[in-house]
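Undergrad: here is my input, please return the structure:
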Amino acid sequence: MHFQWQKRRNLTEFFSIGNGGRFLIWRHISQLHKADISCLDVFLIDTGLGAFDTSILSAEERTRARQQDSPDLARRFVAGRWCLRLVLAWKTGIVANELQITPDKLGKPKLPKHYGLEFNLSHSGCYALIATNDSESIGVDIQKATLDVPSGVEEAVFTPRERRDLRHAESYSLAFYTGWARKEAVLKCKGTGFACDPQSVEVSMDTARHATQAKFIPLNAVDGTACKEWSVIQPPQVSGYTLAIAAQSASRAIRYWYGSFDAYISWGKRARLFGRYSSNLPS
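TA: This is a model prediction of the structure:
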């Protein structure tokens, strides 16, 4: 799949909720040179055929790779984790193979608290989506919107208002996966994932909106969270997919980066994010 925005990769505009910006653009990963703590960074990776080498990963990550449903999914999982480690190495200054990424009690991958960095990762189809935030929790989700909508999920996941809006949508499947991506991003930002009743969060099903709010409803949330709002941002979309980012606030500028797995590896080599690691590095 070719990116429709590649001809515009030299533009430097980025989208900021705070200044009312409307122009969203993905920039190629090769243009990323310096970290900017004032920005929330989002990374899209076309994992292609994936990666085979797991030696840079932790024991827990290697176990998860073996548990994937197919060899293709396993390779794409490994490629996503390679790129995650490169992104976190760039943000923390710790080389990729020395980062300690461990799941918390609900399974959300975390860095040690003293790094002061939050991140989240999602996979769907041939893509991985990563976001990093220096100040507060972040959640992302990507969904392949061309898949058939599974039966029975609408009633289990969406609130009555969401179901009403869904049935009036111009494209049912696009609205379904847009709402799903937004809801899952918020639940991941909250740190519970679907351990929390999905109907305890309500999102906009409007596929045209780039930024909206999600509201927690005090129904059956596992921690009794009071009703509060979270910011939900829709990144520049990719043909056939829906993407969503959730954060506790939307006051920071957002930069969007994309590239193939090979492009991320080349970027990591130039930035010396691998440290002394050299065995079986992808060429």
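Undergrad: and for residue 130, the neighbour number?
TA: Other residues within reach of residue 130, judged by other CB atoms under 10 Å, total 23. Glycine gets a C-beta too; all of them are placed from N, C-alpha and C.
Undergrad: identify the bridge partners of it.
TA: Here residue 130 sits in beta bridges with residue 43, residue 121, as judged by DSSP bridges.
Undergrad: that one contacts residue 120, doesn't it?
TA: Yes - counting by CB atoms under 8 Å, residue 120 is a contact partner of residue 130 at 7.2 Å.
Undergrad: okay, and the common contacts of these two?
TA: Residues within reach of residue 130 and of residue 120 at once, by CB atoms under 8 Å, 6 or more residues apart in numbering, are residue 140.
Undergrad: wouldn't residue 248 be in contact with residue 230 here?
TA: Yes - Residue 248 is in contact with residue 230 according to CB under 8 Å; the separation is 6.2 Å.
Undergrad: residue 236 contacts residue 27, doesn't it?
TA: No - applying CB under 8 Å, one finds residue 236 not in contact with residue 27, separated by 10.3 Å.
Undergrad: between those two, who's got more neighbours?
TA: More crowded of residue 236 and residue 27, by other CB under 10 Å: residue 27, with 20 against 17.
Undergrad: for that one, phi and psi?
TA: Phi and psi for residue 27, reported as degrees, to the nearest 10, are phi -110, psi 150.
Undergrad: can I assume it is in contact with residue 257?
TA: Yes - Residue 27 is within contact range of residue 257, at 5.8 Å (criterion: CB under 8 Å).
Undergrad: any shared contact partners between the two?
TA: Shared contacts of residue 27 and residue 257 (CB under 8 Å, 6+ apart): none.
Undergrad: mind listing the shared neighbours of residue 248 and residue 230?
TA: In contact with both residue 248 and residue 230: residue 189, using CB under 8 Å, 6+ apart.
Undergrad: so the two - more neighbours on which side?
TA: residue 230 (24 against 17).
Undergrad: next, that one: phi, psi?
TA: Torsion angles, degrees, to the nearest 10, at residue 230: phi -120, psi 150.
Undergrad: may I have the beta-bridge partners of it?
TA: Beta-bridge partners of residue 230, as defined by DSSP bridges: residue 214.
Undergrad: likewise residue 39?
TA: The partner residues for residue 39, given DSSP bridges, come to residue 253.
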